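Trainee: need the 3D shape of this:
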Amino acid sequence: MKFRNLLAATAAVSLAASPAVAQSVDADRAAAPVAEENALGDDAGGAGIILALLAAAAIIAGIIIAGGNEDDTPASP
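Mentor: Have a look, this model is predicted:
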């Protein structure tokens, strides 16, 4: 048996056995306790409205910039 056949067989066995080795008996994970919650949910103080207005302004500015070039003169003489 050649050495490269032995390497190929070893690689095939390791690839076939890797899912079984990766499984763990203690797969149950518990969430870490939270000391303080953030206030970004319902009590954001209008930050969502400001973010929506900024997004709308960015979209409108992009449209104006993309369509605002009305100069039809060639760039080269």
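Trainee: pLDDT on the one helix or strand Ile64 maps to, on average?
Mentor: Here Ile64 sits within helix 47-67, counting by DSSP states H and E. Mean pLDDT, computed over helix 47-67, is 87.
Trainee: for the protein, just list every one of the helices.
Mentor: 3-22, 47-67 (DSSP state H).
Trainee: I'd like those as TSV, with mean neighbour count appended.
Mentor: Every residue, glycine included, has its C-beta placed from N, CA and C. What follows is the helices of the chain, written out as TSV (neighbours: other Cβ atoms under 10 Å):
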stretch	mean neighbour count
helix 3-22	9
helix 47-67	10
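Trainee: could I get those helices as CSV with distance to Glu36?
Mentor: Output for these, formatted as CSV (distance: least, Cβ to Cβ, whole Å):
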stretch, distance to Glu36
helix 3-22, 35
helix 47-67, 18
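Trainee: out of those, flag the one nearest Ala75.
Mentor: Ala75 lies closest to helix 47-67 among the helices of the chain, at 18.1 Å (Cβ to Cβ).
Trainee: which strands or helices does that closest one pack on?
Mentor: Applying 3 or more Cβ pairs under 8 Å, 6 or more residues apart in numbering; DSSP states H and E, we find helix 47-67 packed against no helix or strand.
Trainee: and that helix, C-alpha only, in PDB?
Mentor: What follows is helix 47-67, C-alpha atoms only, in PDB (Å, rounded to 0.1, in the frame of the first residue of the first chain):
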ATOM      1  CA  ALA A  47     -34.900  57.800  17.800                       C
ATOM      2  CA  GLY A  48     -36.800  55.700  15.300                       C
ATOM      3  CA  ILE A  49     -38.500  58.800  13.800                       C
ATOM      4  CA  ILE A  50     -35.100  60.600  13.500                       C
ATOM      5  CA  LEU A  51     -33.500  57.600  11.900                       C
ATOM      6  CA  ALA A  52     -36.400  57.300   9.400                       C
ATOM      7  CA  LEU A  53     -36.100  61.000   8.500                       C
ATOM      8  CA  LEU A  54     -32.300  60.600   8.000                       C
ATOM      9  CA  ALA A  55     -32.800  57.600   5.800                       C
ATOM     10  CA  ALA A  56     -35.400  59.400   3.700                       C
ATOM     11  CA  ALA A  57     -33.100  62.400   3.400                       C
ATOM     12  CA  ALA A  58     -30.200  60.100   2.300                       C
ATOM     13  CA  ILE A  59     -32.400  58.500  -0.400                       C
ATOM     14  CA  ILE A  60     -33.600  61.800  -1.700                       C
ATOM     15  CA  ALA A  61     -30.100  63.200  -1.800                       C
ATOM     16  CA  GLY A  62     -28.900  60.100  -3.700                       C
ATOM     17  CA  ILE A  63     -31.700  60.600  -6.300                       C
ATOM     18  CA  ILE A  64     -30.800  64.300  -6.700                       C
ATOM     19  CA  ILE A  65     -27.100  63.600  -7.000                       C
ATOM     20  CA  ALA A  66     -27.600  60.700  -9.500                       C
ATOM     21  CA  GLY A  67     -30.000  62.600 -11.700                       C
END
